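sequence and predicted structure, then a few things I'm wondering about:
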Amino acid sequence: MVFNLPIYSPEEELHDPLFIEKQVQVFVKRDDKIHPFISGNKWRKLKYNLSYAHQLGKTDLVTFGGAWSNHILATAAAAAQFGFNSIGIIRGEEVNNPVLQMAQLFGMDLHFIDRQPYKDKALYFQENFDGSTHYFIDEGGRSTLAVKGCKEIISELTQTYSHILVAAGTGTTAAGLAVGIESQKLATNLLVIPVLKNADFILEDVKELGAPIDKINLLTEYHFGGYAKTKKELNDFIKDFVAKSGILIEPTYTGKLVYGMFDLIHKDYYPKGSRILFIHTGGLTGLLGHLDKMDFD
Ligand SMILES: *Cc1c(COP(=O)(O)O)cnc(C)c1O
């Protein structure tokens, strides 16, 4: 069994009068094109975990997430494709939405648990599953094997950039980028935009995952109220960006990232001649939870 997907994730240049005025170039790495459901960074985080689970003879993947988790859906789809059973442990009371329904369509069993036992996921796994057949994957896919997969974003690049921007939930993708940048001795600045409020802890988490943090700039002002929260200003920005670029983005991750990137261009953050790359980490099914609030007129 080969645990691989053919990767199609081109670096595309974007055009906007603002970029000409500020004399910068902007590119996007289209990890959203890797797979519609094993989306973007979630594939990169799962890849080495799947082969390791197989190597250990595990048959069932057990993972954790909130009710709109892209990681839950990605794990369900990957498990189906690569011959595992999957169990999704969902935080909070039983709910239903299109993301969870699609996860079930891919054959995932869902268990809803209280916020208290959810806090210690490793313990919950240990107490409820047989470790000889079941393989633990942390919330959001966070692990050192996931960092190894995300590092490959850097080795795939066909050009060099002065700045690379990425959104952060757990910071695992950012950790992989930091490791990749260091191992190739690139002079690239890594700008990380957390999508949660009060996210200064992310640097510690990135360090814990074995990545260097000295070249990371953490920009904590673009959370728009917190995880999965949005505001009219962000929704309006997203509508304008999608209609102009033809690139779909959503408010939970890449919308905040691209908003932050444009804001920094407006504020002359990047020196003239900068070559800026942002990573489109996918997760577009998250849009389904936001569309009815987008206020189309
Ligand atoms: C999960 C996710 C992230 C966050 O990635 P981390 O590695 O946890 O920081 C970013 N973007 C999208 C679209 C995601 O689904």
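Ah, there it is. None of the values given here were measured: they were computed from a predicted structure.

okay, CA-based contacts and neighbour counts for the rest of this
Will do.

I'd guess Val192 is in a strand, am I close?
Yes. Looking at Val192 with DSSP: H, G, I helix; E, B strand; the rest coil, it is inside a strand.

okay, and the beta partners of it?
For Val192, the beta-bridge assignment (DSSP bridges) gives partners Val166, Leu218.

could you give the number of residues near it?
24 (other C-alpha atoms under 10 Å).

for the host helix or strand of Ala243, packing partners?
Under the criterion of DSSP states H and E, Ala243 resides in helix 232-245. Where contact means 3 or more C-alpha pairs under 8 Å, 6 or more residues apart in numbering; DSSP states H and E, helix 232-245 is packed against helix 254-266.

what comes up buried for the helix it packs on?
If you call a residue buried by 16 or more other C-alpha atoms under 10 Å, then helix 254-266 has these buried ones: 254-262, 265.

so how far is it from its chain's centroid?
16 Å (C-alpha atoms, centre = their mean, to the nearest Å).

contacts for that helix next, please.
Contacts with helix 254-266, where a contact means C-alpha atoms under 8 Å, 6 or more residues apart in numbering, come from 18-19, 22, 165-167, 193, 195, 222-224, 234, 237-238, 249, 270, 278, 280-282.

returning to that earlier point: any idea of the mean pLDDT in the helix holding Ala243?
Helix 232-245 comes out with an average pLDDT of 98.

just the CA trace of it, in CSV.
Taking Å, rounded to 0.1, in the frame of the first residue of the first chain, the C-alpha atoms of helix 232-245 are listed here in CSV:
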residue,chain,number,x,y,z
LYS,A,232,-18.6,41.9,8.5
GLU,A,233,-15.3,43.5,7.5
LEU,A,234,-13.7,40.1,7.0
ASN,A,235,-16.7,38.7,5.1
ASP,A,236,-16.7,41.8,2.8
PHE,A,237,-13.0,41.4,2.2
ILE,A,238,-13.5,37.7,1.4
LYS,A,239,-16.4,38.4,-1.1
ASP,A,240,-14.3,41.0,-2.8
PHE,A,241,-11.2,38.8,-3.0
VAL,A,242,-13.0,35.7,-4.3
ALA,A,243,-14.9,37.6,-6.9
LYS,A,244,-11.7,39.3,-8.2
SER,A,245,-9.3,36.4,-8.0
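
that one vs helix 254-266, what angle?
Counting by axes from the mean of the first three to the mean of the last three C-alpha atoms, to 10 degrees, helix 232-245 lies at 90 degrees to helix 254-266.

show residues contacting helix 232-245.
By C-alpha under 8 Å, 6+ apart, the list of residues contacting helix 232-245 reads 14, 224, 247-251, 255-256, 259, 294.

what count of nearby residues applies to Ile7?
The tally of other residues near Ile7 (other C-alpha under 10 Å) stands at 14.

show me what contacts it?
By C-alpha under 8 Å, 6+ apart, the contact list for Ile7 reads Ile34.

adjust the sequence numbering to begin at 265 for everything that follows.
With 265 as the first residue, the last one maps to Ile271.

can you list the domains in this structure?
With domains defined by automatic domain parsing, the chain comprises 275-301+413-557, 305-405.

now the longest one: how far from the chain's centre is it?
In terms of C-alpha atoms, centre = their mean, the gap separating the centre of domain 275-301+413-557 from the centre of its chain is 10 Å.

do that domain and the ligand meet at all?
Yes. Judged by C-alpha under 6 Å from any ligand atom, domain 275-301+413-557 and the ligand are in contact via 431-437, 517, 545-547.
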